[in-house]
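*Asks:* coords please:
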Amino acid sequence: MTAIAPLTDSTIRGSIGVRPLTCTIGAELHGVDLADAAHDDTLFAELRALLLEYKVLFVRDQDISRADHVTLARRFGELEDHPVAGSDPDHPGLVRIYKDLDSPPEHYENAYHCDATWRANPPMGCVLRCVETPLVGGDTIWVNMVEAYRRLPEHVQTRIQGLRARHSIEASFGAALSEDKRHELAQRFPDAEHPVVRTHPETGEQILFINSFTTHLVNYHTPENVRFGADYAPGAAELLHYLMRQATIPEYQVRWRWTKNSFAIWDNRSTQHYAVQDYWPAVRKMERAGIIGDRPF
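*Replies:* Reported below is the predicted structural model:
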């Protein structure tokens, strides 16, 4: 992988100004109107190429309509609804993530996660808008999971090739529901199984593809891995937790300070993110369009 060189000023890529934010992930864009990108083929192609390179893109001062927000996201692919959060009735696929004093307590966003890997086809990516943000707090962190895999010790890379893992909505969102509702949710969305190391379908990059929705390794129990029962339990869980902790390493991260009408566009296949919930009792309102993805391989 070629490291991203941090710059003090934007460079022009096509018609867009690009300022990398760290050496490994993230760039802030300048001189681009996302409403135009939603309708202009050439401009959108530039945006998509930058997304593959930087994995998460940030743009400020984008006072565009919800319709253009949805149109831009749909240029990447069809949008998905969320079975728990639901979506805007006038703009299907646009999920309102509004947090205020009346919001029920939950702690899903403030864990390192890849959106909806409990689906057989997790989202390709998301387009997220800040509607209202606290004066301080409420940042979001993104993590480059290509870099996290690349910098694993070689013997760990060898050990996890071919491993698969289970991802569950029942064990995450369902955990706060009653038993009947939890079981109903599990019936609607059975656990998904994905490779621990997936291949990016567009760039060919290898990605460490486990996160807080991952419950366990499903094919760890081989003669090479398991001599005694203790090698499997808790041995497999210890390996999984070691892999999950890679997302917490700052060298793989970028942290974004939200302002009203700022946007983040991220590749959900190659990143994780963490919404920092340090702003109570302030209000934070976000609107997200998630894009349907493909089956990981």
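
*Asks:* can you pull out the low-pLDDT segments for the stretch 101-250 of the chain?
*Replies:* Along the stretch 101-250 of the chain, the model assigns pLDDT under 70 to residues 105.

*Asks:* and the strands in it, which stretches?
*Replies:* 125-132, 140-144, 164-167, 192-195, 197-199, 206-208, 214-217 (DSSP state E, counting those that start in this stretch).

*Asks:* deepest of the ones you listed, which one?
*Replies:* For those, the largest average neighbour count (mean count of other CB atoms under 10 Å) is found in strand 140-144, namely a mean of 26. Heads up, the C-betas are built off the backbone N, CA and C, glycines and all.

*Asks:* can you tell me what sits against that strand?
*Replies:* With contact meaning CB atoms under 8 Å, 6 or more residues apart in numbering, strand 140-144 is reached by 24-26, 55-56, 112, 247, 249, 252-256, 258, 264, 266, 270-276.

*Asks:* angle of that strand against strand 125-132?
*Replies:* Relative orientation of strand 140-144 versus strand 125-132 (axes from the mean of the first three to the mean of the last three CA atoms, to 10 degrees): 160 degrees.

*Asks:* each with direction, which strands does strand 140-144 pair with?
*Replies:* Looking at strand 140-144 with DSSP bridges, its partner strands are strand 253-256 (antiparallel), strand 271-275 (antiparallel).

*Asks:* quick one: average pLDDT of the longest helix along the chain?
*Replies:* Criterion DSSP state H: the longest helix present in the chain is helix 41-54. When pLDDT is averaged along helix 41-54, the result is 98.

*Asks:* how distant is it from the center of its chain?
*Replies:* Centroid separation for helix 41-54 versus its chain: 18 Å, with CA atoms, centre = their mean, to the nearest Å.

*Asks:* just stretch 194-213 next, same as before
*Replies:* Taking CA atoms, centre = their mean, one finds stretch 194-213 lying 12 Å from the centre of the chain it belongs to.

*Asks:* for the helix or strand where residue 265 lies, enumerate the helices and strands it packs against.
*Replies:* Using DSSP states H and E, residue 265 sits within strand 263-267. In terms of contact count using 3 or more CB pairs under 8 Å, 6 or more residues apart in numbering; DSSP states H and E, strand 263-267 is assigned the packing partners helix 41-54, strand 56-59, strand 125-132, strand 140-144.

*Asks:* list of residues touching the longest helix of the chain?
*Replies:* Residues outside helix 41-54 that contact it (CB under 8 Å, 6+ apart): 4, 13-16, 18, 20, 25-27, 29, 32, 36-38, 57, 72, 75-76, 125, 202-203, 265-267.

*Asks:* give the buried residues for that helix.
*Replies:* Buried residues in helix 41-54, counted by 16 or more other CB atoms under 10 Å: 43, 44, 46, 47, 48, 50, 51, 53, 54.

*Asks:* which one among the residues you listed gets closest to residue 218?
*Replies:* residue 51 (31.0 Å; CB to CB).

*Asks:* and residue 104, how far from residue 177?
*Replies:* According to CB to CB, to the nearest Å, residue 104 and residue 177 sit 12 Å apart.

*Asks:* these two - which one has more neighbours?
*Replies:* Taking neighbours as other CB atoms under 10 Å, residue 104 and residue 177 compare with residue 177 leading, 15 against 6.

*Asks:* just the helices in the chain please.
*Replies:* 34-37, 41-54, 66-76, 145-150, 154-160, 179-188, 229-232, 235-245.

*Asks:* is it possible to export those to TSV including distance to residue 222?
*Replies:* TSV is the format used below for the helices of the chain (distance: least, CB to CB, whole Å):
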stretch	distance to residue 222
helix 34-37	48
helix 41-54	35
helix 66-76	38
helix 145-150	21
helix 154-160	11
helix 179-188	28
helix 229-232	10
helix 235-245	11
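
*Asks:* tell me which of these sits most buried.
*Replies:* Among the helices of the chain, helix 145-150 has the highest mean neighbour count (mean count of other CB under 10 Å), at a mean of 24.

*Asks:* pull the CA atoms of that helix into PDB?
*Replies:* Extracted C-alpha coordinates of helix 145-150, given in PDB (Å, rounded to 0.1, in the frame of the first residue of the first chain):
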ATOM      1  CA  MET A 145      -9.000  -1.900   7.900                       C
ATOM      2  CA  VAL A 146      -6.800  -2.500   4.800                       C
ATOM      3  CA  GLU A 147      -3.900  -1.000   6.700                       C
ATOM      4  CA  ALA A 148      -5.000  -2.900   9.900                       C
ATOM      5  CA  TYR A 149      -4.600  -6.200   7.900                       C
ATOM      6  CA  ARG A 150      -1.400  -5.200   6.100                       C
END
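
*Asks:* once you drop chain neighbours, what's closest to residue 295?
*Replies:* residue 121 (5.2 Å; CB to CB, 6 or more residues apart in numbering).
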